[in-house]
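1. Fold the stuff below for me.
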Amino acid sequence: MKKSKFIVLAAPSGSGKTTLVNKLLKESKLDLSFSISATSRSPRTNELDGKNYFFLSKEEFIKKIKNREFLEWEEVYKDTFYGTLNSELENAVEKNLIFDIDVIGGLNIKKKFPNQTLTIFIKPPSIDELESRLKKRNSESEFSIKIRINKAKDEILLADKFDYVVENDILEKSYNKVFKLVNNFINE
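-> Okay, here's the model as predicted:
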């Protein structure tokens, strides 16, 4: 039985990693399976429980932490948790798994599975552009956007800890770079 490979796309909120992940998932040639993260935040418009995220209450999330049900988890924002349930790895025994996760979570997966994990940091063109993207989402308050921008500044400092950094300035150009990296990793 071949060992699954893990592809981690991580980035500050609003960098476009989810868009890139969704495009990669449509590539039949890559045959990727999506690792659904758990979160304690509320769903955004059009997000479905069990498809985009496993939406848990803060109490449920903390209980799963105590029960050691997470491969990795992080309190990304105050009282807002994100993590990867161990069950997501168990469900992808013979598939390559793609993760759309926060920066620390991505580094933690690489630490646990160094040889079977490719990490790609998706870098926004600038903090101003990142702020503009977050505002266009219309899903965050001004206060929430400020928090995400401050967090992004810290996350960008960790970019050099990833295998590759791809600046997401022009979506198609960025996607082509990411696709090549993922395709090469899967087929090596």
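
2. What backbone torsions are found at the residue lying closest to Asp49 once chain neighbours are set aside?
-> Spatial nearest neighbour of Asp49, excluding adjacent residues (Cβ to Cβ, 6 or more residues apart in numbering): Phe55 at 4.8 Å. Any C-beta I mention is one placed from the backbone N, CA and C, and that applies to glycine too. For Phe55, the backbone dihedrals are phi -90, psi 120 (criterion: degrees, to the nearest 10).

3. isn't Phe55 right next to Thr39, touching?
-> Yes - counting by Cβ atoms under 8 Å, Phe55 does reach Thr39; the two are 6.3 Å apart.

4. Of those two, give the one with the bigger neighbour count.
-> Neighbour tally, Phe55 and Thr39, criterion other Cβ atoms under 10 Å: the higher count belongs to Thr39, 21 against 17.

5. what about the more buried one, distance to Ser4?
-> 23 Å (Cβ to Cβ, to the nearest Å).

6. Check Phe61 too.
-> Taking Cβ to Cβ, one finds Phe61 at 25 Å from Ser4.

7. Look at those two and report which has more neighbours.
-> Each of Phe61 and Ser4 has its neighbours counted (other Cβ under 10 Å); Phe61 has more, 25 against 15.

8. mind checking the SS state of that one?
-> Three-state assignment for Phe61 (DSSP: H, G, I helix; E, B strand; the rest coil): helix.

9. check contacts around it.
-> Ala38, Thr39, Ser40, Trp73, Phe81, Gly83 (Cβ atoms under 8 Å, 6 or more residues apart in numbering).

10. Equivalent analysis for Ser35, please.
-> Applying Cβ under 8 Å, 6+ apart, we find Ser35 in contact with Thr84, Glu88, Leu89, Ala92, Leu97, Ile98, Phe99, Asp100, Ile101.

11. 7 Å instead?
-> By Cβ atoms under 7 Å, 6 or more residues apart in numbering, the residues touching Ser35 are Thr84, Glu88, Leu97, Ile98, Phe99.

12. Out of those residues, name the ones that lie in helices.
-> Using DSSP state H, Glu88 are the members of the contacts of Ser35 that sit in helices.

13. I appreciate the help and will end here.
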